[in-house]
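Engineer: Here is my input; please provide its structure:
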Amino acid sequence: MRTESDKRTVYKTDCSDSISLKNAYKEGKEILAKAGITEADLDAWYLLEFVTGITKARYYMDPDQSMNPEAWKKYKEYLEKRRNHIPLQHITGSQEFMGLEFLVNEHVLIPRQDTEVLVEEALEMMKQEIFRSKGCLQLLDMCTGSGCILLSVMHYAEQEGIFIEGTGVDFSEQALMVAQKNEKHLRSTKKDEKGKVNWILSDLFENVNETYDMILSNPPYIRTAEIEKLQDEVKLHDPFSALDGKEDGLYFYRKIVTDAKQFLKPGGILAFEIGYDQGKEVSDLMKKAGYDKVFVKKDLAGLDRIVCGVYY
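Structural biologist: The predicted model follows:
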């Protein structure tokens, strides 16, 4: 969500031809609940906040204050979009990830909290002496999408005194445009080579020429037949190409596990986000390909979420 300072305030204390915030919020909740939106209360609030800029503290001080007609009209437009299962993030244009705000649209997968496990593990691995001694790490994010993995890792690594030259790869030119906007949004003050970010338009490793200390990837991993069973917000609005892992969901893991070996420095790490039921299959792929110290890590729900390995 945007902060109050970023937005124009569009509510006022007396407007006879308008509706109160309380009644607008109530109507919003009812509209979304009737449409089967899972978190109707929360989404109705986020949209009210997005339109007016009001904080919860200010709202509860005076819920009877009025929205002006312009704001009420805009709120109803956004409720209609959400009622039709357009993702909240596509309406607001942003999603929080790792405590950072990322711009999103229909060309990129909306960042999920599950993916934060991959970022957190990458940061932990970078604290090892073998990486700290390198001065500047070379990091590649394959299937970068919005750039949320790469840019989050770089942001928090730098706070630990770990500097990275990062590269994000995607086959979608539109996705890379979103990633570049996020780089500008989050890293506008970074000018030196240690914080440099490169973006490569490429079908996997086709246009990649360098070698890296670490390769991270959240590739498409949903089985094609399973996509139709997903929520409308996902199957109708996330890019199909960012979801589809082909028949068994493992197509991109096979390709990346095999091809990444020639793009990893000796002792380099390959780490994936995986589906909850893919831990054994992906770890077996990595072991058979010659990766060492392969392990699976679970997310906060206790489900397999990432697989990591080292290639010497």
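
Engineer: C-alpha from now on. contacts and neighbour counts both.
Structural biologist: OK.

Engineer: How about Glu183: what's its closest non-neighbour residue?
Structural biologist: Leaving aside its sequence neighbours, Glu183 sits nearest to Leu151 (Cα to Cα, 6 or more residues apart in numbering; 7.0 Å).

Engineer: ok, now how distant is that neighbour from Phe295?
Structural biologist: To Phe295, Leu151 is 24 Å away according to Cα to Cα, to the nearest Å.

Engineer: Quick check: chain neighbours aside, which residue is closest to Val153?
Structural biologist: Nearest in space to Val153, with sequence neighbours left out and distances taken as Cα to Cα, 6+ apart, is Val119 at 5.9 Å.

Engineer: now Phe263
Structural biologist: What sits nearest to Phe263 in space, not counting adjacent residues and going by Cα to Cα, 6+ apart, is Thr211, at 4.4 Å.

Engineer: residue ranges for the helices of the stretch 101-250 of the chain, please.
Structural biologist: Under the criterion DSSP state H, counting those that start in this stretch, the stretch 101-250 of the chain contains helices at 116-126, 129-132, 148-159, 173-186, 224-227, 232-235, 240-243.

Engineer: Out of the ones you listed, indicate the one that is most buried.
Structural biologist: helix 148-159 (a mean of 21; mean count of other Cα atoms under 10 Å).

Engineer: now that helix: mean pLDDT?
Structural biologist: Mean per-residue pLDDT for helix 148-159: 96.

Engineer: that older thread, nearest to Phe102, out of the helices of the stretch 101-250 of the chain?
Structural biologist: If you check each of the helices of the stretch 101-250 of the chain against Phe102 by Cα to Cα, helix 173-186 wins as the nearest, at 6.1 Å.

Engineer: neighbouring contacts of that closest one?
Structural biologist: Around helix 173-186, the neighbours that count as contacts under Cα atoms under 8 Å, 6 or more residues apart in numbering are 102-105, 107-108, 144-148, 151, 169-170, 197, 199, 201.

Engineer: Low-confidence stretches in the stretch 1-150 of the chain?
Structural biologist: Under the criterion pLDDT under 70, the flagged ranges of the stretch 1-150 of the chain are 1-17.

Engineer: what's the burial count for the residue nearest to Tyr251 when sequence neighbours are not counted?
Structural biologist: Leaving aside its sequence neighbours, Tyr251 sits nearest to Gly245 (Cα to Cα, 6+ apart; 5.7 Å). For Gly245, the neighbour count with other Cα atoms under 10 Å is 21.

Engineer: any idea how far the residue nearest to Val153 lies from Cys148?
Structural biologist: For Val119, the distance to Cys148 equals 9 Å [Cα to Cα].

Engineer: again, but for Asp238
Structural biologist: Counting by Cα to Cα, the separation of Asp238 from Cys148 is 15 Å.

Engineer: Gln95 too?
Structural biologist: 10 Å.

Engineer: ok, now Phe263?
Structural biologist: 22 Å.

Engineer: just Ile164 next, same as before
Structural biologist: In this view, Ile164 and Cys148 are 15 Å apart by Cα to Cα.

Engineer: Can you tell me, leaving aside adjacent residues, what's nearest to Pro87?
Structural biologist: Per Cα to Cα, 6+ apart, closest to Pro87 is Glu233, 5.4 Å.

Engineer: Please report how far the one you found lies from Ile200.
Structural biologist: Here Glu233 is placed at a distance of 28 Å from Ile200 (Cα to Cα).

Engineer: thinking again about what came up before, for the residue nearest to Val153, list the residues it contacts.
Structural biologist: Contacts for Val119 (Cα under 8 Å, 6+ apart) come out as 149, 152-153.

Engineer: For Gly268, give its distance to Tyr312.
Structural biologist: From Gly268 across to Tyr312, the span is 7 Å (Cα to Cα).

Engineer: Same drill for the two, tell me which one is more crowded.
Structural biologist: Each of Gly268 and Tyr312 has its neighbours counted (other Cα under 10 Å); Gly268 has more, 22 against 12.

Engineer: Got phi/psi on that one?
Structural biologist: phi -70, psi 160 (degrees, to the nearest 10).

Engineer: Could you double-check that it lies in contact with Leu216?
Structural biologist: No. Proximity of Gly268 to Leu216 does not meet the contact threshold set by Cα atoms under 8 Å, at 10.9 Å.

Engineer: centroid residue for the protein?
Structural biologist: By Cα atoms, centre = their mean, the chain has its centre lying nearest to Pro111, at 1.9 Å.

Engineer: Give me the distance between the closest residue to it other than its chain neighbours and Lys265.
Structural biologist: Spatial nearest neighbour of Pro111, chain neighbours left out: Phe97 (6.5 Å); criterion: Cα to Cα, 6+ apart. Phe97 sits 29 Å away from Lys265, going by Cα to Cα.
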